[in-house]
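Q: The following block contains a protein sequence and its predicted model.
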Amino acid sequence: MINLTNLTIIIVTYKTDREILENCLKSIDRNIKIKIIENSNTIDEQDKILLSKYKELTISYTGKNLGYGGGNNYGFGITSTDFVLVANPDIVFDNNFFINIEKYLNHDLGFSIIGTSYKKDKVFMPYGFFNESSKNTDKKNYINNLGSIYSNLKKVDWVTGCAMLINLKKFKKKQIFDENFFLYFEEYDLCKQIKIKRENVFSSADLLVHHLGFKGSFGADPELKLDAEKLREWHWMWSTFYFYKKNYSYIFAVRKTLGKLIRAFFKMLFYKITFNNFLKDKYKSRCYGLLNAIIGRSSWYRVDSKFQ
């Protein structure tokens with residue numbers, strides 16, 4: 001019988017508003033271990049208050065921004081439980097979330113990852129497949145042999161990383177995410193590696209979270225909106241190319257992204273001559289991110305970096 005004491009929740013933050021973070025913490029079962037991995041050396045004044053409120057909570061400071069994958073790998077390295085729930089700080093867990101997750105843990109599903117559903121304006125099941133033939137069997141992928149409560153569990157190729165359950169027993173080492181990614185595509189790459197090993201990735205309609213989106217990062221600050229947008233655009237393009245190059249080939253990556261580069265370049269020129277500096281810088285960042293990936297540079301760009 002597995003209970004929630006064999007589960008740790010890891011929440012990676014980067015100077016996240018502690019009020020937003022506490023909304024997440026309030027929705028977590030009080031008996032579950034929680035590890036906040038703060039991707040900086042900034043100790044928030046509210047941290048001591050949070051530690052006093054939540055007895056199972058610990059906060060670790062990495063000293064620098066390791067990104068999503070690096071921050072979670074740091075958390076895996078200091079975790080002793082068999083199961084980890086990776087969660088963004090800007091989500092709230094639904095009332096029945098941990099009741100359902102405990103039921104999953106007490107059946108031998110043989111999973112490596114179970115992804116969640118999330119609700120914004122409506123409920124989404126963010127999952128997908130790496131090839132068209134898998135999509136054709138989509139309706140056949142539900143698990144029905146475990147009773148009606150599991151009828152909303154679907155076998156898929158990939159899930160998104162805003163909240164996902166990871167079975168650490170399926171991994172030989174705790175550096176699970178590829179740290180070459182700084183932002184975006186980390187979970188897709190992880191799911192790709194799992195599928196290569198013929199292990200199971202599921203998506204669950206019964207594990208529901210309410211996702212606020214970008215409000216958990218510094219991008220929620222209006223004064224930093226442009227910096228946040230440049231960071232996201234740069235890394236989205238870099239990570240897209242790197243994912244295709246790593247998992248398919250360099251030529252495949254070029255073919256998949258060349259059109260994106262051309263469109264971003266002409267949009268950058270258009271917004272330059274129309275004096276829209278925000279959108280000009282957005283598409284400039286896309287160009288730079290993709291060009292850096294094409295020439296083999298690392299995902300080096302940070303908010304305080306200078307374009308080269």
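A: Right, received. Where do you want to start?
Q: What's the first helix or strand after the helix or strand bottoming out on mean pLDDT in the chain?
A: Using mean pLDDT, DSSP states H and E, the weakest-scoring helix or strand in the chain turns out to be helix 132-136, at a mean of 53. Heading C-terminal from helix 132-136, the first helix or strand you meet, by DSSP states H and E, is strand 153-156.
Q: so after that next one, what's the next helix or strand?
A: Next along from strand 153-156, by DSSP H and E: strand 158-159.
Q: And that next one, what does it pack against?
A: With contacts taken as 3 or more Cβ pairs under 8 Å, 6 or more residues apart in numbering; DSSP states H and E, strand 158-159 sits against strand 111-119, strand 127-128, helix 186-196, strand 200-211. Bear in mind the C-beta positions are built from the backbone N, C-alpha and C, glycine included.
Q: Out of the ones you listed, which one sits most buried?
A: The highest mean neighbour count among the helices and strands packed on strand 158-159, using mean count of other Cβ atoms under 10 Å, belongs to strand 111-119: a mean of 23.
Q: And the pLDDT at residue 185?
A: For residue 185, the model assigns a pLDDT of 97.
Q: Which parts of this structure are strands?
A: According to DSSP state E, the chain carries its strands in the segments 7-13, 33-38, 57-61, 83-87, 91-93, 111-119, 123-124, 127-128, 153-156, 158-159, 163-167, 200-211.
Q: Compare these and give me the one nearest residue 24.
A: Smallest distance to residue 24 across the strands of the chain (Cβ to Cβ): 5.8 Å, for strand 91-93.
Q: what's the neighbour count on residue 82?
A: 15 (other Cβ atoms under 10 Å).
Q: in terms of contact, does it touch residue 168 like I think?
A: Yes: applying Cβ atoms under 8 Å, one finds residue 82 in contact with residue 168, separated by 5.6 Å.
Q: in this protein, what residue sits furthest out from the centroid?
A: In the chain, the residue that sits farthest from the middle, by Cα atoms, centre = their mean, is residue 273; the gap is 36.2 Å.
Q: check contacts around that residue.
A: For residue 273, no contacting residues are found, by Cβ atoms under 8 Å, 6 or more residues apart in numbering.
Q: Could you do residue 36 as well?
A: 11, 13, 21, 50, 57-60.
Q: switch the cut-off to 6 Å
A: 11, 13, 59 (Cβ atoms under 6 Å, 6 or more residues apart in numbering).
Q: Any regions of the stretch 1-150 of the chain where pLDDT drops low?
A: 1-2, 121-123, 132-150 (pLDDT under 70).
Q: mind checking pLDDT for the residue farthest from the centre of the chain?
A: Confidence score, pLDDT, at residue 273: 97.
Q: what's the answer for the one 4 residues further on, then?
A: The confidence metric pLDDT takes the value 93 at residue 277.
Q: now residue 223
A: 60.
Q: care to break the chain down by domain?
A: 4-215, 221-294 (automatic domain parsing).
Q: May I see the ones you listed organised as TSV, with distance to residue 300 added?
A: TSV is the format used below for the domains of the chain (distance: least, Cβ to Cβ, whole Å):
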stretch	distance to residue 300
domain 4-215	8
domain 221-294	7
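Q: Nearest to residue 303, out of those domains?
A: Per Cβ to Cβ, nearest to residue 303 of the domains of the chain: domain 221-294, 4.7 Å.
Q: What's the local residue count around residue 48?
A: Count around residue 48 with other Cβ under 10 Å applied: 11.
Q: who's in contact with it?
A: If you count contacts by Cβ under 6 Å, 6+ apart, residue 48 has none.
Q: how close does it get to residue 28?
A: For residue 48, the distance to residue 28 equals 19 Å [Cβ to Cβ, to the nearest Å].
Q: Phi, psi for the closest residue to residue 126 other than its chain neighbours please.
A: Among residues not flanking residue 126 along the chain, residue 160 sits closest, at 4.2 Å (Cβ to Cβ, 6 or more residues apart in numbering). Phi and psi for residue 160, reported as degrees, to the nearest 10, are phi -90, psi 160.
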